[in-house]
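Student: below are the sequence and a predicted model for it; my questions follow.
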Amino acid sequence: MSSLSRLLSDLREDLLVAQERDPAARSIIEIALAYPGVHALWIHRVSHRMWNAGGLLRLPARLLSQFSRFLTGIEIHPGASIGRRMFIDHGMGVVIGETTVIGEDVVMFHGSTLGGVSMNKGKRHPTVGDRVLIGAGAKVLGPIVLGDDAKVGANAVVVRDVAAGHVAVGLAATSRPGASTTDPYADPALYI
């Protein structure tokens, strides 16, 4: 299958997944015209191909991802790897970092983040297995793994691996004395 026909097939599949997973969806036309989660995925699929081509295409890929953020309220770095049949419901405020790897059949709700905890180069964002559900407002932070069929509850803060089939809920924050550094640009991982 050629690269273009594969891309078109993926875009069509994104429409069908939205129709299947969202009980409010009335038609494919409505989804194509009014679903920012689908629009963000479509733009990401193009920008990701540009990013992976490397060289001079990386800057246009990044600019395209920022245009998508402006248009949809969803920020997906073009370096992030997203599997098939992902569905972003509502979408506003979703953030997916550069080194994130997402499996197939994943659902994310609005305000959720797959973010980093370090300013270091290298793997610093989550790896998400297949059939994972990430609730509204959830923050999944760092180079951790969410196993297949895991679920992350709304507003949960997850900073450790979640085993396959497990549910992660609640906040991970605790109070402790501040890190002993006077550098305002110190690695944020000092505080985790």
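Tutor: Right, received. Where do you want to start? Residues are numbered from 1 along each chain as shown.
Student: show me what the residue nearest to the spatial centre of the chain bridges to in the sheet.
Tutor: The C-alpha lying nearest the average C-alpha coordinate of the chain belongs to residue 96 (Cα atoms, centre = their mean; 3.4 Å). Assessed by DSSP bridges, residue 96 has beta-bridge partners residue 76, residue 114.
Student: isn't it right next to residue 78, touching?
Tutor: No: between residue 96 and residue 78 there is no contact under Cβ atoms under 8 Å: 10.3 Å. Every residue, glycine included, has its C-beta placed from N, CA and C.
Student: can you give me the strands in this structure?
Tutor: Counting by DSSP state E, one finds strands in the chain at the ranges 75-76, 81-82, 87-89, 95-96, 101-102, 107-109, 113-115, 127-128, 133-134, 139-141, 145-146, 151-152, 157-158, 167-168.
Student: adding distance to residue 20 and mean pLDDT, write the ones you listed out as a markdown table.
Tutor: Shown next, in a markdown table, are these (distance: least, Cβ to Cβ, whole Å; pLDDT from 0 to 100):
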| stretch | distance to residue 20 | mean pLDDT |
| --- | --- | --- |
| strand 75-76 | 21 | 98 |
| strand 81-82 | 18 | 98 |
| strand 87-89 | 8 | 96 |
| strand 95-96 | 22 | 98 |
| strand 101-102 | 18 | 98 |
| strand 107-109 | 11 | 96 |
| strand 113-115 | 23 | 98 |
| strand 127-128 | 20 | 98 |
| strand 133-134 | 15 | 96 |
| strand 139-141 | 24 | 97 |
| strand 145-146 | 22 | 98 |
| strand 151-152 | 19 | 95 |
| strand 157-158 | 27 | 95 |
| strand 167-168 | 23 | 94 |
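Student: which other helices and strands contact the lowest-mean-pLDDT helix or strand in the chain?
Tutor: Least confident element among the helices and strands of the chain, by mean pLDDT, DSSP states H and E: helix 3-21 (a mean of 89). Other helices and strands packing on helix 3-21, by 3 or more Cβ pairs under 8 Å, 6 or more residues apart in numbering; DSSP states H and E, are helix 28-34, helix 36-53, strand 87-89.
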